[in-house]
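Peer 1: this one's sequence-less:
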Ligand SMILES: Nc1nc2c(ncn2[C@@H]2O[C@H](COP(=O)(O)OP(=O)(O)OP(=O)(O)O)[C@@H](O)[C@H]2O)c(=O)[nH]1
Ligand SMILES: C=C(OP(=O)(O)O)C(=O)O
């Protein structure tokens, strides 16, 4: 199945509004360090996009965002950006981004994977090429970090319990030894685990600036 090249869609709502469960690390949720909170959310996104861009199976990365700082950062990493439309939440935004790629092989990737390795993503996409629809569950097994569609519409069902929702929608669970791909960072404990796997450079550089270090 090697040889298929994928267009990846990465969602990013406004940095200040995202990742509220990480607020204990930065104070961002209480408003005292909103700059640092946005920087942490942006670092997670930047490391995710950089790893995706470095993956040989990835032809293009499209970030769906209205956040100008996020857009500038991911463009500098070689991603395209599209507007956060139709302004009806995560799944419509992903469907919009997938259509904007114009690609037959398209995948949605979580924006919070700072320990993602290009080789893991390549292996998961290689497995995905064998099925019309596939997904990789997050480390907890209940969420989704990668949803793939080959020759069919993306049909995203991200949100609480999305692994079950994607199975119900006909996607095949893809399994492999992909710890960085599965380690999404929603909580301080998740960031500690990602640190153990090895963070990308943007998140690693930010850790020492956190008032309440995760690691
Ligand atoms: N472009 C876009 N991205 C979204 C939208 N809603 C959520 N996202 C992104 O999808 C991912 C998951 O978002 P959510 O589950 O809403 O929450 P979160 O920001 O991860 O974190 P919490 O606030 O801690 O629940 C994050 O990367 C968000 O930036 C949306 O309407 N548009
Ligand atoms: C949206 C999801 O994840 P999270 O809210 O954990 O980022 C998901 O797993 O479908």
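Peer 2: On my side now, so go ahead. Just so you know, these numbers come straight off a predicted model, no measurement behind them. Ligands and ions are numbered 1, 2, ... in the order given.

Peer 1: So which residues lie in contact with stretch 13-26, not counting its own?
Peer 2: By CB atoms under 8 Å, 6 or more residues apart in numbering, the residues outside stretch 13-26 that reach it are 12, 28-30, 33-34, 36-38, 40-42, 44, 65-67, 69-70, 84, 90, 112, 185-188, 191, 210-214. Any C-beta I mention is one placed from the backbone N, CA and C, and that applies to glycine too.

Peer 1: Please look at residue 62 and residue 80 and confirm they touch.
Peer 2: Yes: counting by CB atoms under 8 Å, residue 62 sits close enough to residue 80 to count as a contact (4.9 Å).

Peer 1: Can you pick out the residue with more neighbours from these two?
Peer 2: Using other CB atoms under 10 Å, the more surrounded residue of residue 62 and residue 80 is residue 62, with 22 against 15.

Peer 1: Does anything pack onto the helix or strand containing that one? Which helices or strands?
Peer 2: For residue 62, the enclosing helix or strand under DSSP states H and E is strand 58-64. Counting by 3 or more CB pairs under 8 Å, 6 or more residues apart in numbering; DSSP states H and E, the packing neighbours recorded for strand 58-64 are strand 6-11, helix 34-53, helix 68-76, strand 80-82, helix 90-101.

Peer 1: Next, the buried residues of the last one.
Peer 2: Residues 90-91, 93-98, 100-101 are the ones in helix 90-101 that count as buried (16 or more other CB atoms under 10 Å).

Peer 1: coming back round to it: name the stretch among the helices and strands packed on strand 58-64 that sits most buried.
Peer 2: The highest mean neighbour count among those belongs to strand 6-11 (a mean of 26), with neighbours defined as mean count of other CB atoms under 10 Å.

Peer 1: can you pull the contacts of residue 44?
Peer 2: Residues counted as contacts of residue 44 (CB under 8 Å, 6+ apart) are 19, 111-114, 185, 202-203.

Peer 1: Nearest residue to it in space, please, no chain neighbours.
Peer 2: On the basis of CB to CB, 6 or more residues apart in numbering, the spatially nearest residue to residue 44 that is not a chain neighbour turns out to be residue 112, at 4.6 Å.

Peer 1: tell me, what residue is most central in this protein?
Peer 2: Computing the C-alpha centroid of the chain and ranking residues by CA atoms, centre = their mean puts residue 110 first, at 1.9 Å.

Peer 1: Give me the distance between that residue and residue 54.
Peer 2: Using CB to CB, to the nearest Å, we find residue 110 at a distance of 17 Å from residue 54.

Peer 1: Equivalent analysis for residue 39, please.
Peer 2: Distance of residue 39 to residue 54, given as CB to CB: 22 Å.

Peer 1: In contact with the residue in the chain positioned nearest to ligand 2, which residues?
Peer 2: Per CB to the nearest ligand atom, residue 143 is where the chain lies closest to ligand 2, at 2.5 Å. The neighbourhood of residue 143, defined by CB under 8 Å, 6+ apart, consists of 137, 158, 160-163, 184.
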